[in-house]
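Colleague: Attaching a predicted model along with its sequence, questions to come.
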Amino acid sequence: MAHQHSSQPRLSPSGYEEDIRAVLAPRLAYFEAVARHEHVTRAAHELGVPQSTLSRAMVRLEQDLGVALFARKGRTVSLTPAGRTFLGSAERALAEVEKAADSVRADADPTAGKVAFGFLHTMGSETVPALIRAFRADHPRVRFQLVQNYGEAMIERLRAGGLDLCLTSPVPDAPDLVALRLDEQRLRLVVPDDHRLATRRRIRLAEAADETFVTLEPGYGLRRITDDLCAEAGFVPRVAFEGEEAETLRGLVAAGLGVALLPPPAVARPGVVELTVTAPRAAREIGVAWLDGHPDTPPVAAFKKFLLSRRGHLLPE
């Protein structure tokens, strides 16, 4: 293998940082094979490339780095001290690439792959566990990365590639998303059990116009629904406490700190009475969303199909 040493790297100083990865990455496997065999012909045979191609690639690599990596004697080579240092880093880089490839292949495995699934906090205690249990009856080895958050945060994570799909409310309307309604959940006005309205079973929301409300923080879907329903009933709710989780709000109601519009609890909470709201119609739509045009791995496609099959009976009775 002819060797023409260059004292200057081929990359210009101004472009070095931008170009170095593009220059080095395709040649790392070539370099590692030559270093391991200490013989160009054997390395070329293993890689399935012409010997001349491999020789030229190694010369260009040294020219681009401005460092001699090999001492040559015919087709036999040995590493220089710089080459030995570079080999250690190249082996670690190639191992990380192989590890990453194994990881994404495992996540896409039809029978044992991974689904990154987001959902609202209010669905974490009952709805989602029941869904996953039913899905895994036919897909027992599929793995889940579960993320609980409020709607806007999940949509951001979906767009960033951190989620494959999510259950959220309200159903988002955005050009880069596919979002489909799956079910509807009635909301109730929750009051302390010693409240003046606690003896009622039904109520018009306008009758709570003078009450103090406890709600989720702005940005949460349920907070937006609460504000919209109160506006439809003709008032702006007087908010005393804002929280991040529905059951915490139920606890605040039980403590006599206000009333709240909430979905039904998984388990009845002592200290509160839950009233059916007759007007306006108090409900929230639950939908599934994913990025439009985003390709699905087989396990994600299977779980998406399962969720769509649950339209109208997604939520526990």
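Modeller: Structure's in. What do you need? For clarity, every value in this text was computed on a predicted model and none was experimentally measured.

Colleague: In the stretch 201-317 of the chain, mark out all the strands, start to finish.
Modeller: If DSSP state E, counting those that start in this stretch is used as the criterion, the strands of the stretch 201-317 of the chain fall at 202-204, 212-216, 238-243, 260-262, 272-279, 283-291.

Colleague: Which among these is found nearest to Ala25?
Modeller: Checking those against Ala25 by CB to CB gives strand 283-291 as the closest, at 27.7 Å. For glycine as for every other residue, the C-beta is placed from the backbone atoms N, C-alpha and C.

Colleague: Who is Gln148 paired with across the strands?
Modeller: Gln148 forms beta bridges with Phe119, as assigned by DSSP bridges.

Colleague: check contacts around it.
Modeller: If you count contacts by CB atoms under 8 Å, 6 or more residues apart in numbering, Gln148 has them with Gly118, Phe119, Leu120, His121, Gly124.

Colleague: still on that earlier bit, the strands of the stretch 201-317 of the chain: which one's closest to Ala29?
Modeller: Ranking these by their distance to Ala29 (criterion: CB to CB) puts strand 283-291 first, at 32.7 Å.

Colleague: How much space separates the residue lying closest to Thr297 once chain neighbours are set aside from Glu184?
Modeller: Nearest non-adjacent residue to Thr297, counting by CB to CB, 6 or more residues apart in numbering: Ala108, 4.0 Å away. Applying CB to CB, to the nearest Å, the value for Ala108 to Glu184 is 34 Å.

Colleague: what's the answer for Thr212, then?
Modeller: 28 Å.

Colleague: Ok, Gly234 next?
Modeller: The value you get for Gly234 to Glu184, if CB to CB is used, is 24 Å.

Colleague: The two: which has the busier surroundings?
Modeller: The neighbour count for Gly234 versus Glu184, taken as other CB atoms under 10 Å, is higher for Glu184 (14 against 10).

Colleague: Quick one: list the elements packing against the host helix or strand of that one.
Modeller: According to DSSP states H and E, Glu184 maps onto strand 177-186. Packed against strand 177-186, as judged by 3 or more CB pairs under 8 Å, 6 or more residues apart in numbering; DSSP states H and E, are the following elements: strand 283-291, helix 298-309.

Colleague: Now name the helix or strand holding Ala43.
Modeller: Assigned by DSSP H and E, Ala43 belongs to helix 40-47.

Colleague: Past that helix, which element shows up next along the chain?
Modeller: Trace forward from helix 40-47 with DSSP H and E and the next one is helix 51-65.

Colleague: Beyond that following helix, next helix or strand please.
Modeller: Sequence order places strand 70-73 as the next helix or strand after helix 51-65, per DSSP H and E.

Colleague: Direction included, what does that next one pair against?
Modeller: strand 76-79 (antiparallel).

Colleague: How about residues contacting the strand it pairs with?
Modeller: Met1, Val34, Ala35, Glu38, His39, Val40, Leu69, Phe70, Ala71, Leu87.

Colleague: Name the member of the residues you listed with the most neighbours.
Modeller: Neighbour max across those (other CB under 10 Å) = Val34, 28 neighbours.

Colleague: per-residue pLDDT, it?
Modeller: On the pLDDT scale, Val34 is placed at 92.

Colleague: That one looks like it's in a helix, true?
Modeller: Yes - looking at Val34 with DSSP: H, G, I helix; E, B strand; the rest coil, it is inside a helix.

Colleague: quick one: contacts for it?
Modeller: Taking CB under 8 Å, 6+ apart, one finds Val40, Ala43, Leu54, Met58, Phe70, Val77 in contact with Val34.

Colleague: ok, 7 Å please
Modeller: Contact partners of Val34, counting by CB atoms under 7 Å, 6 or more residues apart in numbering, are Val40, Ala43, Leu54, Met58, Val77.

Colleague: Tell me if I'm right that Lys304 and Cys166 touch.
Modeller: No - if you go by CB atoms under 7 Å, Lys304 and Cys166 don't touch, sitting 11.2 Å apart.

Colleague: okay, now the residue nearest to Thr278 when sequence neighbours are not counted: neighbour count?
Modeller: Computed as CB to CB, 6+ apart, the closest residue to Thr278 that is not its neighbour in sequence is Arg202, at 5.1 Å. Using other CB under 10 Å, Arg202 has 10 other residues around it.
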